[in-house]
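Participant: give the three-dimensional model of this entry:
(one chain, ligands or ions: 2)
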Amino acid sequence: MASASVVPPLCRPLSNLKLQFFPSISRRATPPLLRTNFRTRRSSLSAAMSFERELAVAKKAASLAARLCQAIQKTLLQSDVQSKSDKSPVTVADYGSQALVSFVIGKELGPEPFSLVAEEDSGDLRKEESLETLKRITELVNDTISCDGTYNISPLSTEDVLAAIDNGKSAGGPHGQHWVLDPIDGTKGFLRGDQYAIALALLSEGQVVLGVLACPNLPMAPMGKPSQTSSLDQSGCLFSARLGAGTDVQLLHGSSSPMKVNVSSVEDPAEASFFESFEAAHSLHGLSGSIAKKLGVTAPPVRIDSQAKYGALSRGEGAIYLRFPHKGYREKIWDHAAGCIVVTEAGGIVSDAAGRPLDFSKGKYLDIDTGIIVTNKSLMPALLNAVQEAIKESESSSCL
Ligand SMILES: Nc1ncnc2c1ncn2[C@@H]1O[C@H](COP(=O)(O)O)[C@@H](OP(=O)(O)O)[C@H]1O
Ligand SMILES: [Mg+2]
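Facilitator: Numbering: from 1, shown residues only. Ligands and ions are numbered 1, 2, ... in the order given. Next comes the predicted model:
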């Protein structure tokens, strides 16, 4: 069994994270949808509430959860892997991470109850055959809290841990405040030893007002750029964004100061690189390929797991992210809320394939047209045209 009492930093080299570049494409006129839909939605709400305290809590919660995940990834055993009803892999780390984030929010912002929309629930864990797993999660959560030293409390019981996980049962929606959590985004990457993220956001009146991405395996130095300082030689990035306040990155663990980041400013797609899911089951690589071809791309895409893609884009590493799930899949808000604000506060645009901004106010699902595309303001018009042409072509060819 893995022990969380010693938590070494995990510095696995990222063999699958490379940069590629687009050849040039001609710029086209901005489609009307784009012009009307990307007006800034900063309401009086953000002026009245700064969410500074909440952002600090989110950073603390995600960092602590990352500690637990890092300890587990290092010593991952086959026995840690279970199967949910949808057969996706879920590990003790997913549950432990959700319990920890829920614990930290409650501790820091309580005693009032809070609303949390999160990926995991305790249903499977409450079964008799899961008792050993539950004990192990409880031990990991307690070890992580005790190593951190911030909270002087008696150890949590298994019931405390189940209750903390079940705090994540909220349905979200357009009113009030809702935390949105993916305790391990990119579970498959986590199991492979590749990229994953702890993704936490806050919705207020249906709008994402802050987001944090803890990316334990993402190097601080952008790929292809030699680091100037020793802190950039390390892995583990914490991205954080607050409505109207920009996006920062800092070392996930340690005392580095936050640095403001911006998305790539490239206007020529020949200088842009392009991200997509590592997993072909999560995004239509063929469709992305034909979009890339329309833009004149020759290099293969950069395929990595999780919202680490949004984090990398926010600091100008690569310029485009394309996500086209297979027909029938419904995207969940926790897979995009934190990533979305991290990119938009860094100057980027996140939209569906029709050019509409993502709407996080409809509960746990996103109601999107076909797919999600992310890039900077200069490249979006041409990208949107290419996306729409490629979709039309793939629809007509599938009718033949
Ligand atoms: N068939 C599918 N199509 C699109 N996304 C899927 C999918 N099955 C799972 N996912 C989502 O894709 C996320 C991982 O994204 P990525 O491919 O960018 O790493 C998963 O997050 P979890 O790992 O938290 O379950 C899951 O929510
Ligand atoms: Mg996810």
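Participant: from here on, just use CA atoms for contacts and neighbour counts.
Facilitator: Fine.
Participant: residues contacting the closest residue to ligand 2 within the stretch 251-400 of the chain?
Facilitator: When scored by CA to the ion, the stretch 251-400 of the chain has residue 335 as its residue closest to ligand 2, at 4.5 Å. Contact analysis of residue 335 by CA atoms under 8 Å, 6 or more residues apart in numbering lists 182, 185, 199, 307.
Participant: mind redoing it with 10 Å?
Facilitator: Counting by CA atoms under 10 Å, 6 or more residues apart in numbering, residue 335 touches 119, 180-182, 184-186, 199-200, 306-307, 365-366.
Participant: now swap in residue 375 and tell me
Facilitator: Contacts of residue 375 by CA under 10 Å, 6+ apart are 263-266, 272, 274, 310, 313-314, 316, 318-322, 343-344, 347-351, 381, 383-384.
Participant: what secondary structure does it sit in?
Facilitator: Following DSSP: H, G, I helix; E, B strand; the rest coil, residue 375 is assigned to strand.
Participant: give me the distance between the nearest residue to it once chain neighbours are set aside and residue 202.
Facilitator: Closest residue to residue 375 apart from its sequence neighbours, by CA to CA, 6 or more residues apart in numbering: residue 320 at 4.6 Å. Using CA to CA, to the nearest Å, residue 320 is found at 25 Å from residue 202.
Participant: report the rounded mean pLDDT for the host helix or strand of residue 133.
Facilitator: Element membership of residue 133 [criterion: DSSP states H and E] is helix 131-148. Helix 131-148 carries an average pLDDT of 95.
Participant: can you check stretch 163-182 too?
Facilitator: 97.
Participant: returning to what we had before: got phi/psi on the residue of the stretch 251-400 of the chain closest to ligand 2?
Facilitator: Recorded main-chain torsions at residue 335 are phi -80, psi -10, according to degrees, to the nearest 10.
Participant: could you give the mean pLDDT of stretch 309-323?
Facilitator: 96.
Participant: and that stretch, C-alpha only, in CSV?
Facilitator: The C-alpha coordinates for stretch 309-323 follow below in CSV (Å, rounded to 0.1, in the frame of the first residue of the first chain):
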residue,chain,number,x,y,z
LYS,A,309,-3.9,21.7,-21.7
TYR,A,310,-5.7,24.9,-20.6
GLY,A,311,-2.9,25.7,-18.2
ALA,A,312,-0.3,25.3,-20.9
LEU,A,313,-2.3,27.5,-23.3
SER,A,314,-2.7,30.2,-20.7
ARG,A,315,1.1,30.7,-20.5
GLY,A,316,1.4,30.9,-24.3
GLU,A,317,2.6,27.4,-24.8
GLY,A,318,0.8,26.3,-27.9
ALA,A,319,-2.1,28.4,-29.2
ILE,A,320,-5.0,26.1,-30.0
TYR,A,321,-6.9,23.4,-28.2
LEU,A,322,-9.5,21.3,-30.1
ARG,A,323,-11.9,19.0,-28.3
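Participant: appreciated, that's everything.
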